[in-house]
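[1] The following comprises the amino acid sequence and a computationally predicted model.
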Amino acid sequence: MIGQDIQEVERKVLSILKVLRDSKEPLGARVISQRLKDFGVGLGERAVRYHLKWMDERGVTQLVGRDGRLITERGIEELNDALVKDKVGLAFTRIELLAFRTNFDLDKGTGLVPVNVSFFKNKEFHKALQEMKPVFAEGLCVSDRVAVAKSGERLGELIVPQGCMGLATVCSIVINGTLLKAGIPIDSRFGGLLQIRNKKPLRFVELIHYAGSSVDPSEVFIKARMTLVKGVIEKGVGKILANFREMPALCRPVADEVIAKLNKLGLRGLLTIGNTSEPVCEIMVDLNRIGMILYGGLNPVAAAAEAGFELENYAMSTMMEYEKLIKVKEL
């Protein structure tokens, strides 16, 4: 029993550390208590204060001002060294959370949509944008609408670091969210590198299953410089970021209606969809299921990384109001 109590305390501490890690500014106990709900942790403001005091003594958090806390270097190290089983499936959990929080109105074209956030160096952002614009124009992404913020400004729940420009791109999870609201259960299987030939999808050459990953696959492939998005733009041959989903075949008519409405509103994240129980790009599909492939929202950013620009990605990181995003050609 004592061992179980200690383990439960450690889980709460790790959850608090995750909240602080994702924030660029000090957070108070009240805000931490609210954000812990995203991790399925119900901890009141008073209880959070109790844990924070103990965490200060351990040196994993630091008091700033009257009530604010920041995660320390030691806290980041402890979080990174946390039990592997606590990290496995984190990407899958994040997808489900953002899909649930999506409240995009298909009739009004307004509401919260999931976004990826990327940080560029101030002096490089304009040139990097020129590398990204052709990818938006070609439609190798979820939407051509973005948000830009300067140092100290917010993109959703993230604050742009000093010396950087922030770019928010729409995440493919918006399709999960709108289909979920229409009563369609979506199984998010994996993210991968999709080989393109003659500007048509051929096969997945690399993949990472969400259920066994602690990070978004797109971040991994971009950091490893494994994409060839520019090749698709210039020659129709290359490798792009894509995501594989499944849904019950019975839901196909409703799904088609939802996707058609999304397309009219500028959300064209669906690359291809298969037939009942048939493979899609050489990926097997279960009986009475339909497979679909969605564009990775970070494909434009991947093109900038291919060109050698330094950047930092936070895939499927936060929510923003779709109506407040602007078309990239207006930048």
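    Alright, I've got the coordinates. Small disclaimer: the values here were computed from a predicted structure and weren't measured.
[2] now the helices for the stretch 51-200 of the chain?
    Ranges of helices in the stretch 51-200 of the chain, per DSSP state H, counting those that start in this stretch, are 73-80, 84-87, 90-101, 122-138, 173-181.
[3] export these to TSV and tack on mean neighbour count, mean pLDDT and distance to residue 54?
    For the C-beta atoms, the positions are set from N, CA and C on the backbone; glycine is no exception. Compiled in TSV, these are given as follows (neighbours: other CB atoms under 10 Å; pLDDT from 0 to 100; distance: least, CB to CB, whole Å):
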stretch	mean neighbour count	mean pLDDT	distance to residue 54
helix 73-80	15	83	13
helix 84-87	11	58	19
helix 90-101	19	88	25
helix 122-138	17	97	39
helix 173-181	25	96	35
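[4] In the stretch 201-331 of the chain, what residue spans correspond to helices?
    217-223, 229-235, 252-264, 299-306.
[5] out of those helices, deepest packed?
    For those, the largest average neighbour count (mean count of other CB atoms under 10 Å) is found in helix 299-306, namely a mean of 27.
[6] hang on, residue 35 packs against residue 17?
    No: with contacts counted by CB atoms under 8 Å, residue 35 stays clear of residue 17, the gap being 11.9 Å.
[7] before we move on, back to that, I'd like the helices of the stretch 201-331 of the chain as CSV, with distance to residue 208 and mean pLDDT appended.
    Below are the helices of the stretch 201-331 of the chain laid out as CSV (distance: least, CB to CB, whole Å; pLDDT from 0 to 100):
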stretch, distance to residue 208, mean pLDDT
helix 217-223, 4, 95
helix 229-235, 18, 96
helix 252-264, 25, 97
helix 299-306, 15, 98
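[8] Compare these and give me the one nearest residue 101.
    Distance to residue 101, taken as CB to CB, is lowest for helix 252-264 among the helices of the stretch 201-331 of the chain, at 17.1 Å.
[9] That closest one vs helix 173-181, what angle?
    Interaxial angle, helix 252-264 versus helix 173-181 (axes from the mean of the first three to the mean of the last three CA atoms, to 10 degrees): 140 degrees.
[10] who does the strand or helix carrying residue 18 touch, helix- and strand-wise?
    The secondary structure element spanning residue 18 is helix 2-21 (assigned by DSSP states H and E). The criterion is 3 or more CB pairs under 8 Å, 6 or more residues apart in numbering; DSSP states H and E, and the helices and strands that helix 2-21 contacts are helix 29-35, helix 45-58, strand 61-64, strand 68-71, helix 73-80.
[11] avg pLDDT for that helix?
    Mean pLDDT, computed over helix 2-21, is 75.
[12] ok, which stretches of the stretch 101-250 of the chain are strands?
    Ranges of strands in the stretch 101-250 of the chain, per DSSP state E, counting those that start in this stretch, are 112-121, 145-149, 154-155, 158-159, 164-170, 187-197, 200-209, 238-248.
[13] outside of the fourth one, which residues touch it?
    It refers to strand 158-159. Strand 158-159 has contacts (CB atoms under 8 Å, 6 or more residues apart in numbering) with 22-25, 117, 152-153, 166, 314, 317-318.
[14] try 6 Å
    Counting by CB atoms under 6 Å, 6 or more residues apart in numbering, strand 158-159 makes contact with 24-25, 117, 318, all of which sit outside it.
[15] Serialize the strands of the stretch 101-250 of the chain to TSV and add fields for mean pLDDT.
    Below are the strands of the stretch 101-250 of the chain laid out as TSV (pLDDT from 0 to 100):
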stretch	mean pLDDT
strand 112-121	96
strand 145-149	97
strand 154-155	92
strand 158-159	86
strand 164-170	97
strand 187-197	96
strand 200-209	96
strand 238-248	97
